[in-house]
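sequence and predicted structure, then a few things I'm wondering about:
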Amino acid sequence: MARKRTKERKRTKDKTRKPGRPKGTGSSGNPPAVTTAEAVRCPACGSTQRSKYHGTVERMIAGTQAGRPHTHIIWRRCACLDCGRHRVEKTYENRPAGG
Ligand SMILES: [Zn+2]
């Protein structure tokens, strides 16, 4: 007489669950998240030392950049303090109306 296999494998661990708050549920009462952005480097020497921004130009240009919406594009001019190379740092900002 053959033995009946009644054993069932049960997996209680759900490997697809991620720890922490689900994306996009941020909120009130919680401290703001701290993010870091890498400093812009000089294209010529790689230095992050730069002069103060000047000749800042701001334009209301809506669109998307790298999948993110933006309402303004800002160009800031500065120079590398190490090699003197001038550059323009272009940034995209999203400033929704009424915000
Ligand atoms: Zn430089």
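Happy to help now that I have it. Numbers count the residues shown, from 1 in each chain.

what's the spacing between Gly29 and Ile74?
Noted for Gly29: a distance of 32 Å to Ile74, by Cβ to Cβ, to the nearest Å. The C-beta positions use only the backbone N, C-alpha and C, and glycine is treated the same way.

okay, these two: which has more neighbours?
Under the criterion of other Cβ atoms under 10 Å, the comparison of Gly29 against Ile74 puts Ile74 first, with 16 against 4.

ok, the more buried one touching Thr56?
Yes - if you go by Cβ atoms under 8 Å, Ile74 and Thr56 touch, sitting 6.5 Å apart.

which residues of the protein lie near the ion?
With Cβ under 5 Å from the ion as the criterion, the chain meets the ion at residues 42, 44-45, 47, 80, 82-83, 85.

show the buried residues in the residues you listed.
42, 80 (16 or more other Cβ atoms under 10 Å).

now, which of the residues of the chain next to the ion lie within helices?
Residues of the residues of the chain next to the ion located in helices (DSSP state H): none.
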